[in-house]
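In: Quick one: sequence plus predicted model below, questions after.
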Amino acid sequence: MAKFSEQEDGAVTVDWVVLTAGLVGLGTIVVLSLTEGVRHVDSQTGNALSNIEVQEIVFDFAD
């Protein structure tokens, strides 16, 4: 058991796995925290655009 605990061959791999998992977790937290704000802006934009009347543009080149 002592010989096993002294070996560090896989230590770098474990470090990268822990670092990557931490970054994925942090990214998930950021995305989840921004989701509600984006939905609010999305609904406001949709409401604003649905109330706009688009006028028809007529090109008369007969003159």
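Out: Done, it's in.
In: use CA for all of it now, contacts and neighbours both
Out: Noted.
In: tell me the average confidence for stretch 46-60?
Out: On average, the pLDDT along stretch 46-60 is 88.
In: Give me the residue at the spatial middle of the chain.
Out: residue 31 (4.8 Å; Cα atoms, centre = their mean).
In: quick one: that one from residue 42, how far?
Out: 16 Å (Cα to Cα, to the nearest Å).
In: Same question for residue 11.
Out: For residue 11, the distance to residue 42 - Cα to Cα - is 46 Å.
In: swap in residue 14?
Out: 41 Å.
In: just residue 50 next, same as before
Out: Counting by Cα to Cα - residue 50 and residue 42 are separated by 12 Å.
In: Looking at these two, which one has more neighbours?
Out: More crowded of residue 50 and residue 42, by other Cα atoms under 10 Å: residue 42, with 12 against 9.
In: report the longest helix in this structure, please.
Out: The residue-count maximum for a helix in the chain (DSSP state H) belongs to helix 11-50.
In: Pull out the buried residues from that helix.
Out: Buried residues in helix 11-50, counting neighbours by 16 or more other Cα atoms under 10 Å, are absent.
In: Counting by contacts, list what it packs against.
Out: For helix 11-50, there is no helix or strand it packs on, judged by 3 or more Cα pairs under 8 Å, 6 or more residues apart in numbering; DSSP states H and E.
In: Now find how far off-centre it is within its chain.
Out: 4 Å (Cα atoms, centre = their mean, to the nearest Å).
In: cool, stretch 41-55 as well?
Out: Centre to centre, stretch against its chain (Cα atoms, centre = their mean), the figure for stretch 41-55 is 24 Å.
In: for stretch 47-58, same thing?
Out: 31 Å.
In: any residues touching that stretch, and which ones?
Out: If you take Cα atoms under 8 Å, 6 or more residues apart in numbering as the criterion, stretch 47-58 is touched by no other residue.
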